[in-house]
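Asks: Structural data only, the sequence is not supplied:
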């Protein structure tokens, strides 16, 4: 896998790719330039979450390992 997205681990590279996507909330359209994806893993899955500071809508991306 290419390291062009930065980071040393696969998780860091995936988060960097998610950060490259749209920062606009899918519900209200608010653009959150400062927001970041939070990662949680259970060992079997990795879940990235991001909450809109304007309306509270949570975006979730889940990946099974």
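Replies: Looks like it arrived, so ask away. None of the values given here were measured: they were computed from a predicted structure.
Asks: in its sheet, what does the helix or strand where residue 47 lies sit against?
Replies: Residue 47 is part of strand 45-51, with elements assigned from DSSP states H and E. Using DSSP bridges, strand 45-51 pairs in its sheet with strand 38-41 (antiparallel), strand 58-64 (antiparallel).
Asks: Low-confidence regions, this structure specifically.
Replies: 1-7 (pLDDT under 70).
Asks: and residue 15, how many neighbours?
Replies: If you count neighbours by other C-beta atoms under 10 Å, residue 15 ends up with 21. No exception for glycine: its C-beta is placed from N, CA and C like everyone else's.
Asks: from what I can see it touches residue 40, true?
Replies: No: if you go by C-beta atoms under 8 Å, residue 15 and residue 40 don't touch, sitting 11.9 Å apart.
Asks: Using neighbour counts, pick out the buried residues of stretch 58-65.
Replies: residue 59 (16 or more other C-beta atoms under 10 Å).
Asks: contacts for that stretch?
Replies: Stretch 58-65 is touched from outside by 14, 18, 25-26, 37, 41, 43-52, with contacts defined as C-beta atoms under 8 Å, 6 or more residues apart in numbering.
Asks: The spatially closest residue to residue 41 that is not a sequence neighbour and residue 29, how far apart?
Replies: Residue nearest to residue 41 in three dimensions, not counting chain neighbours: residue 47, with 7.3 Å by C-beta to C-beta, 6 or more residues apart in numbering. Note on residue 47: its distance to residue 29, by C-beta to C-beta, to the nearest Å, is 24 Å.
Asks: and if you look at residue 43?
Replies: 36 Å.
Asks: got the buried residues for stretch 45-54?
Replies: Within stretch 45-54, the residues scored as buried using 16+ other C-beta under 10 Å are 46, 48, 50, 52.
Asks: Also stretch 23-33?
Replies: Applying 16+ other C-beta under 10 Å to stretch 23-33 flags residue 25 as buried.
Asks: Am I right that residue 19 falls within a helix?
Replies: Yes: under DSSP: H, G, I helix; E, B strand; the rest coil, residue 19 sits within a helix.
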